[in-house]
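Trainee: Predicted model, plus sequence, below.
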Amino acid sequence: MTRIKKAFFAIFILVFIIFIASFLTGIIGHGFGDKIGVVEIEGVIADGKDAMEDIVKFKEDDGIRGVIVRINSPGGSVGPSQEIYQELKKLAAKKKVYISASSVCASGGYYIASAGEKIFANPSTITGSIGVIMEQVVAEELLKKIGIQPNTIKSGKFKDVGSPFRKMQDDERAYFQQILDSIHEQFIKDVAEGRKMPVEQAKKLSDGRVYTGSQAKELGLVDGIGTFYDTVDDMKKALGIKGKPVLVYGKRPFSFLKWLISSATETIIKHYNSAPVHYNNYKFMPNF
């Protein structure tokens, strides 16, 4: 047998072993004991597809008695954050949904968390940042210095609003401010509904500032101080589960890029944790 054939054979055997191990783990995990689903939301929220698939799967699985959403995110795009929130609300109508906040659960991350019946955070968890942001980089003066002149053809007055090639006009700024204010009102309303607090009270807490987990507990933004396993224990008691529950995790492939971005994000936030936590994509769009 040649070296290449031996290598392919070894890879085949390894893949086969991994497949069998995964299959047996699934059989054991899904066959015995009371089950609690775990949805993990990690890093900047740019696409809610994976999280929503996990949520829908657990909603339709009668063997899953409750779901814990583990969040370690500074927020992200408005649309995906709201999509995940809406699917969690549907899930919460059928089963218990608890939130476990890790090092960061802010902005869009907190938006999602507000759909849970209970939110647990660590004392130093960075949370809150209930606000919306839209940022623009203007390169107009730089282009003039290097002799580049952009040429834009448009069919509507506001079609190129936010272009990096020119400064924003007052009426354009007012136009975007209305959009952000509308999205902010949606954020405040959903937080107030989820936390069962008056809208005016939620509004006072929604100026974009961040809170520690301990501060958020005092303000009513979280229910308890505790780890992920404290959250599991609390749900176990609420569901009347005897013995150790089986934790069923949503299965998603590891992404090196996602891990790298998440690690960098966490480092930046820890360094600048006195400022409102916000993250922006490379598009001129509103973000939580």
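Mentor: Good, I have the coordinates. Not measured: the values here are computed from a predicted model.
Trainee: contacts and neighbour counts: CA atoms only from here.
Mentor: Noted.
Trainee: any idea which residue sits dead centre in the chain?
Mentor: By C-alpha atoms, centre = their mean, the chain has its centre lying nearest to Gly109, at 4.1 Å.
Trainee: May I have the phi/psi pair for that one?
Mentor: When read as degrees, to the nearest 10, the backbone of Gly109 gives phi -60, psi -40.
Trainee: quick one: low-confidence ranges for the stretch 101-250 of the chain?
Mentor: Along the stretch 101-250 of the chain, no part satisfies pLDDT under 70.
Trainee: Strands along that one, start to end?
Mentor: For the stretch 101-250 of the chain, the strands defined by DSSP state E, counting those that start in this stretch occupy 118-121, 126-128, 210-211, 224-225, 246-249.
Trainee: As CSV, the ones you listed with distance to Lys154 would be great.
Mentor: Shown next, in CSV, are the strands of the stretch 101-250 of the chain (distance: least, C-alpha to C-alpha, whole Å):
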stretch, distance to Lys154
strand 118-121, 47
strand 126-128, 39
strand 210-211, 40
strand 224-225, 53
strand 246-249, 49
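Trainee: Just the CA coordinates for stretch 181-198, please, in PDB.
Mentor: C-alpha atoms of stretch 181-198 as PDB (Å, rounded to 0.1, in the frame of the first residue of the first chain):
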ATOM      1  CA  ASP A 181     -35.100  57.100  16.900                       C
ATOM      2  CA  SER A 182     -37.800  54.700  15.600                       C
ATOM      3  CA  ILE A 183     -35.500  51.700  16.000                       C
ATOM      4  CA  HIS A 184     -34.500  52.900  19.500                       C
ATOM      5  CA  GLU A 185     -38.200  53.100  20.500                       C
ATOM      6  CA  GLN A 186     -38.700  49.500  19.300                       C
ATOM      7  CA  PHE A 187     -35.700  48.400  21.500                       C
ATOM      8  CA  ILE A 188     -37.100  50.300  24.500                       C
ATOM      9  CA  LYS A 189     -40.600  48.900  24.100                       C
ATOM     10  CA  ASP A 190     -39.400  45.300  23.800                       C
ATOM     11  CA  VAL A 191     -37.100  45.600  26.800                       C
ATOM     12  CA  ALA A 192     -39.900  47.100  28.800                       C
ATOM     13  CA  GLU A 193     -42.200  44.200  27.800                       C
ATOM     14  CA  GLY A 194     -39.600  41.600  28.500                       C
ATOM     15  CA  ARG A 195     -38.600  43.000  31.800                       C
ATOM     16  CA  LYS A 196     -42.200  43.800  32.800                       C
ATOM     17  CA  MET A 197     -41.400  47.400  33.600                       C
ATOM     18  CA  PRO A 198     -43.000  50.700  32.600                       C
END
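Trainee: So what touches it?
Mentor: Identification of contacts with stretch 181-198 by C-alpha atoms under 8 Å, 6 or more residues apart in numbering yields 111, 114-117, 130-132, 199, 201-203, 206, 220-221.
Trainee: Which of those fall in helices?
Mentor: Tyr111, Val199, Gln201, Ala202, Lys203 (DSSP state H).
Trainee: Quickly note the distance from the last one to Gln82.
Mentor: Put plainly, it is Lys203. According to C-alpha to C-alpha, to the nearest Å, Lys203 stands 18 Å off from Gln82.
Trainee: same thing with the second one?
Mentor: When C-alpha to C-alpha is applied, the distance between Val199 and Gln82 equals 18 Å.
Trainee: All the helices of the stretch 1-150 of the chain, in order from the start?
Mentor: Ranges of helices in the stretch 1-150 of the chain, per DSSP state H, counting those that start in this stretch, are 3-31, 49-60, 78-92, 108-113, 140-145.
Trainee: Show me what the fourth one is packed against.
Mentor: Okay, so that is helix 108-113. strand 64-73, helix 78-92, helix 170-195 (3 or more C-alpha pairs under 8 Å, 6 or more residues apart in numbering; DSSP states H and E).
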